[in-house]
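Curious how this folds, go ahead:
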Amino acid sequence: MKIEIRLAQLSERLIVRNLMELYQHDFSELDGTDLDDHGQYGYYDLDCFWVNPAWSAYVIKVDEKWAGFALANDEVHTPGLTRAIVEFFVVRKYRGRGVGKKAATEIMAQCPAKWEVRVIEENQVAQDFWSSLLKTAWPASYQKTIVNNEEWHGPIFSVDTSSTAPVVKLQG
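Below you'll find the predicted structure:
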């Protein structure tokens, strides 16, 4: 299984938007979001991930097939942290096969920073994923904090990838 993770090209905005619809469909059972009048979930503004130099969109492919995406920016909620994974999605076919772990690890390793990942309280699967991945790959700097304020309610995972490489190399 060949896993590819790279920055999304501007010409791939529609692909990321389509993958976002699948992501929001999965997520709707947790946040109660309904489809709009056009039968879409929509997303506030994906274009900013190609316009703002501090924001990034990544695509994930497995054996040349679309398998997911990740969105990252510099809008963190925790003082001292510098980058955030704001959306992360792997299509169901590729879940549980190491695709998400490889993608997240590669993104964070290629962009060394003090990372933040916010996960809603209701998403236990995502909490388990991020906790396992970060404490395995960067055990010396992994932290989980429960936040309850006006900006966020739920766990925030943090890890500093700027000082060390991941402890484990993932297959792919």
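
Residue 147 should be in a strand, yeah?
Yes: the assignment for residue 147 (DSSP: H, G, I helix; E, B strand; the rest coil) places it in a strand.

Any regions of this protein where pLDDT drops low?
168-172 (pLDDT under 70).

for it, longest helix please?
In the chain, assigned by DSSP state H, the helix with the most residues is helix 13-31.

Quick one: name whatever helix or strand follows the helix or strand harbouring residue 57.
Residue 57 is located in strand 56-62, with elements delineated by DSSP states H and E. Going down the chain from strand 56-62, the next helix or strand is strand 65-73, by DSSP H and E.

quick one: strands adjacent to that following strand?
The pairing partners recorded for strand 65-73 under DSSP bridges are strand 56-62 (antiparallel), strand 83-90 (antiparallel).

Identify the residues contacting the nearest residue to residue 126 once chain neighbours are set aside.
Spatially, and ignoring its direct neighbours in sequence, residue 126 is nearest to residue 119 (4.6 Å; CB to CB, 6 or more residues apart in numbering). Glycine gets a C-beta too; all of them are placed from N, C-alpha and C. Going by CB atoms under 8 Å, 6 or more residues apart in numbering, residue 119 touches 126-127, 130, 154-157.

In the sheet, which residues pair with residue 159? Tell me.
residue 115.

what about it, distance to residue 126?
15 Å (CB to CB, to the nearest Å).

the more surrounded of those two?
It is residue 159, of residue 159 and residue 126, that has more neighbours when counted by other CB atoms under 10 Å, with 26 against 19.

Thought residue 141 was touching that one, still the case?
Yes: with contact defined as CB atoms under 8 Å, residue 159 and residue 141 form a contacting pair (5.3 Å).
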